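Novice: the following block contains a protein sequence and its predicted model.
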Amino acid sequence: MKSVLITGANRSIGLETVKQLSKKGLFVYLGSRDLEKGNEVADELKKNGYENIKAIEIDVTNSNSILAAKKIIESEQGKLDILINNAGILGTNPQLASDTSIEEIQKVFDTNFFGVINVTQAFLELLKKSESPRISNITSGLASLTLHSDPDWKYYGIKTASYGTSKAALNAYTIALAHELKDSPFKMNAIDPGYTATDFNHHSGPLTVESAASFIVKHTLTDENAPTGKFFSNDIEDETEESPW
């Protein structure tokens, strides 16, 4: 049975991804900063027929928490097949480039960028023990520099000095590590679940969490011929589903 760790998985898109991967027969580690809340969610899922789910405490901004989670998974599984870096924060609004404080930008980067790097580097050892390791970095369409430069893009007017820039940095890291691992079985991609109605955006997005999670699962459970180092978006309406960087 393949195992997967999903950070920030106790609600919204992360939680729905837990459900869908559980139904596909994976053992799912439901990552949550608050273990009590994570256990409550996992228990509720089990009552509703979902199997092979375990809540695990992991704060992506805390190295000790990350290493503790790694030790648990290593002792129970011996390896990790899939890492889905889903944990993220929006930051305060508005996020004007002219006056958003360095402290606020750093706070968002600590979770959305440095947190992903900390988790990924910590779990690479266990992922390398898998026959088909996968890393999915959950990003945003607001990370696309090309689209942000296009006045005809439907979200052109939405600029975020903290959130979008942190996700653009995450995309750049995804490219760098995917290239480093290109001659191995690893597949690593940046995946934008699309503008989804969640607590994150006061339920303003047009897409559902079910659609968002399904898109993540589709581009994570891939075969050996799948691409790596790509940026896929649920908001791109063509057959490739590939977004410009």
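Specialist: The structure has been received and is ready for your questions.
Novice: geometric centre of the chain: which residue is closest?
Specialist: Among the residues of the chain, the smallest C-alpha distance to the mean C-alpha position (Cα atoms, centre = their mean) belongs to residue 86, namely 2.6 Å.
Novice: and that residue, what's its pLDDT?
Specialist: Predicted confidence (pLDDT) for residue 86: 98.
Novice: next, the contact list for it, please.
Specialist: Contact partners of residue 86, counting by Cβ atoms under 8 Å, 6 or more residues apart in numbering, are 6-9, 13-14, 17, 31, 138, 216. C-beta here means a position set from N, CA and C on the backbone, and glycine is covered the same way.
Novice: same question for residue 120.
Specialist: Residues in contact with residue 120 (Cβ under 8 Å, 6+ apart) are 83, 85, 135, 177.
Novice: change it to 6 Å
Specialist: Shown in contact with residue 120 (Cβ atoms under 6 Å, 6 or more residues apart in numbering): no residues.
Novice: okay, residue 204: pLDDT?
Specialist: Per-residue confidence at residue 204 stands at 67 (pLDDT).
Novice: buried stuff in the lengthiest helix in the chain?
Specialist: Under DSSP state H, the helix in the chain containing the largest number of residues is helix 163-180. Judged by neighbour count using 16 or more other Cβ atoms under 10 Å, the buried positions of helix 163-180 are 163-171, 173-175, 177-178.
Novice: which other helices and strands contact that helix?
Specialist: The elements that helix 163-180 packs onto, with contact taken as 3 or more Cβ pairs under 6 Å, 6 or more residues apart in numbering; DSSP states H and E, are helix 102-109, strand 187-192.
Novice: gap between it and the chain center?
Specialist: Chain-centre distance of helix 163-180: 12 Å, with Cα atoms, centre = their mean, to the nearest Å.
Novice: quick one: work out the angle between it and helix 102-109.
Specialist: Following axes from the mean of the first three to the mean of the last three Cα atoms, to 10 degrees, one obtains 50 degrees for the angle between helix 163-180 and helix 102-109.
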